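Enquirer: this one's structure only:
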């Protein structure tokens, strides 16, 4: 349902930007450090989608590293956001063993960890953080510019969260926490300001997008991809002219 909703959200956002969106689906289990550039060759934007468990995690992390280092517009959703945090911790903060306790329970640097209220849960059925929750946006952030307001509600489906113990380290290194739940303080959105467009959210924006009301983050992401593609095309034209 989530992947189908993401595909539909791109149609909505494309219409809002008066452009078609061509999606290349890439299975993250097939992505590694040696082939990531080839697998994502030609991509003008990279979205890392939701999921559960350890399947394909290494590929997701490599795709995010590629997007971050190559300055390609990036959008992470739910697990995609968590992988963005893990990637930054490993490759920028220098915590090579950083991970989520969902995949590696006893990692020395649990930058993604089980929500406090989930730690006593033994029967998993229907106990996730589900439904709509408020998110307060930092003024001036990419998310704030996309929504054009500072308080939004988004749908959630997860048990693990950004570990606030590491928040100051991330922010000092350049990964900003720009969306928070006003009651719990949970981090809902992270961004990299020193990047064309790098935004990741713990929630599922694809579930709220419609033809009449395309989701603001998808619209902003597609707009960023369009702007990036124009720069890339101009650069390639210049290369051909110089040759």
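Expert: That came in fine, so what should we check first? As the structure is a prediction and not an experimental result, all values here were calculated from the model.
Enquirer: find the residue at the geometric middle of this protein.
Expert: residue 76 (1.4 Å; C-alpha atoms, centre = their mean).
Enquirer: buried residues in the strand or helix carrying residue 11?
Expert: Per DSSP states H and E: residue 11 is located in helix 2-16. Using 16 or more other C-beta atoms under 10 Å as the test for burial, helix 2-16 gives 5-6, 8-14, 16. No exception for glycine: its C-beta is placed from N, CA and C like everyone else's.
Enquirer: what of stretch 172-183?
Expert: Judged by neighbour count using 16+ other C-beta under 10 Å, the buried positions of stretch 172-183 are 174-181.
Enquirer: what does stretch 67-80 give?
Expert: 67-68, 72-80.
Enquirer: off-centre distance for it?
Expert: 6 Å (C-alpha atoms, centre = their mean, to the nearest Å).
Enquirer: do a quick rundown of the helices in this protein.
Expert: Secondary structure of the chain by DSSP state H: the helices cover 2-16, 36-39, 57-69, 79-91, 142-147, 167-173, 216-242.
Enquirer: mean pLDDT and distance to residue 186 for those - can I get that in JSON lines?
Expert: Formatted as JSON lines, those follow (pLDDT from 0 to 100; distance: least, C-beta to C-beta, whole Å):
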{"stretch": "helix 2-16", "mean pLDDT": "95", "distance to residue 186": "20"}
{"stretch": "helix 36-39", "mean pLDDT": "97", "distance to residue 186": "30"}
{"stretch": "helix 57-69", "mean pLDDT": "97", "distance to residue 186": "21"}
{"stretch": "helix 79-91", "mean pLDDT": "97", "distance to residue 186": "12"}
{"stretch": "helix 142-147", "mean pLDDT": "98", "distance to residue 186": "15"}
{"stretch": "helix 167-173", "mean pLDDT": "98", "distance to residue 186": "11"}
{"stretch": "helix 216-242", "mean pLDDT": "81", "distance to residue 186": "18"}
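Enquirer: pick the most deeply packed of those helices.
Expert: helix 79-91 (a mean of 25; mean count of other C-beta atoms under 10 Å).
Enquirer: check the offset of that helix from the chain's centre.
Expert: With C-alpha atoms, centre = their mean, you get 9 Å for helix 79-91.
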